[in-house]
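>>> what would the 3D arrangement of this be:
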Amino acid sequence: MIGNPSTLKDRNLEQTTIMSLKREPACFAFLCSRASLPPLPIDAINLDLASADYFDGRASVWTTLEVRSSATDDRPTAVLGFDEAFLRPFTRALIEAATTRVAYRMSIVPVPGKTERSRVVEYVTGPGTALREIILTPQDNVVLIGAAVGDDEIEETLFQLPRSDSFQRSFAKMTFQADRALRDTLSDIERAARERRARGG
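Sure, this is the predicted structure:
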């Protein structure tokens, strides 16, 4: 990883993006249709900057959407992992599905180039399963976040988020601030890479 560790620490998304859902309609994370454990109640969500690096001439960040539950002593549990291009379109899709009450299918476009790299993965049904599509289905009080997994026609419901106006406003504000922090981090990494090249490193 290239960059200033103290700079990345200053942008600790885990603490600055925590949103409580206790006053919102009850939401759950589903551990997949084959899971032996019951759905996990979601009391709060947050984003976390999982990694930031510079590889093959390109800066990138990897972020996770985490849920917290009193059933697991409020320990963060990642449900989605994604690159720097995901947060804005996901927020738009969530708000559109919630306000129009029409299901929204969000295709995950593969990363161009020779290096095979996942853009979005889910951690609910397995250890980092790559996704090709996310399905947002509005219900009366929540929006179901589902996914098309693998190359077949299997679709799984992963978790729920509230459909209330208050949550949509707070979520949009949170993701806007997080997206800006992620893009600032990308700029820092790219600047560090340029300085390293200038020094002949």
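>>> would you point out which residue is most central in this structure?
The residue lying closest to the centre of the chain (CA atoms, centre = their mean) is Leu65, at 3.9 Å.
>>> what's downstream of the helix-or-strand element of the chain with minimal mean pLDDT, the next helix or strand?
Lowest by mean pLDDT, DSSP states H and E among the helices and strands of the chain is helix 5-10, with a mean of 44. Counting by DSSP states H and E, the next helix or strand C-terminal to helix 5-10 is helix 13-16.
>>> how about low-confidence regions in the chain?
Residue ranges of the chain with pLDDT under 70: 1-11, 31-37, 112-116, 150-152, 201.
>>> gap between the residue nearest to the centre of the chain and Arg199?
37 Å (CB to CB, to the nearest Å). No exception for glycine: its C-beta is placed from N, CA and C like everyone else's.
>>> can you check Gly81 too?
33 Å.
>>> more neighbours: which of the two?
Taking other CB atoms under 10 Å, Gly81 and Arg199 do not tie; Gly81 has more neighbours (23 against 7).
>>> doesn't that one lie inside a strand?
Yes - counting by DSSP: H, G, I helix; E, B strand; the rest coil, Gly81 is found in a strand.
>>> quick check: it touching Trp62?
Yes - contact status for Gly81 versus Trp62: in contact at 6.2 Å, counting by CB atoms under 8 Å.
>>> overlap in contacts of those two?
Taking CB atoms under 8 Å, 6 or more residues apart in numbering as the contact rule, Gly81 and Trp62 both touch Ala50.
>>> how close does Gln15 get to Ile189?
The spacing between Gln15 and Ile189, counted by CB to CB, is 21 Å.
>>> just Val120 next, same as before
21 Å.
>>> and the closest residue to Ser118 other than its chain neighbours, which of the three is it?
Ranked by CB to CB, 6 or more residues apart in numbering and with sequence neighbours excluded, the top spatial neighbour of Ser118 is Ala130, at 4.3 Å. Here Ala130 is recorded as strand under three-state DSSP.
>>> and Ala130, how many neighbours does it have?
Close neighbours of Ala130, defined as other CB under 10 Å, add up to 19.
>>> can you check Glu122 too?
For Glu122, the neighbour count with other CB under 10 Å is 25.
>>> can you check Ile45 too?
24.
>>> wait, it sits on Val67?
Yes - if you go by CB under 8 Å, Ile45 and Val67 touch, sitting 5.5 Å apart.
>>> what about the helices in the protein?
Listed in chain order, the helices of the chain (DSSP state H) span 5-10, 13-16, 87-100, 165-198.
>>> can you tell me which of the ones you listed comes nearest to Ile135?
helix 87-100 (9.3 Å; CB to CB).
>>> the closest one to helix 165-198, inter-axis angle?
Counting by axes from the mean of the first three to the mean of the last three CA atoms, to 10 degrees, helix 87-100 lies at 170 degrees to helix 165-198.
>>> which helices and strands sit right next to helix 87-100?
Helix 87-100 sits against strand 104-107, strand 129-138, strand 142-149, helix 165-198, with contacts defined as 3 or more CB pairs under 8 Å, 6 or more residues apart in numbering; DSSP states H and E.
>>> re the thing from before, look up how far Ala78 lies from the residue nearest to Ser118.
Taking CB to CB, one finds Ala130 at 15 Å from Ala78.
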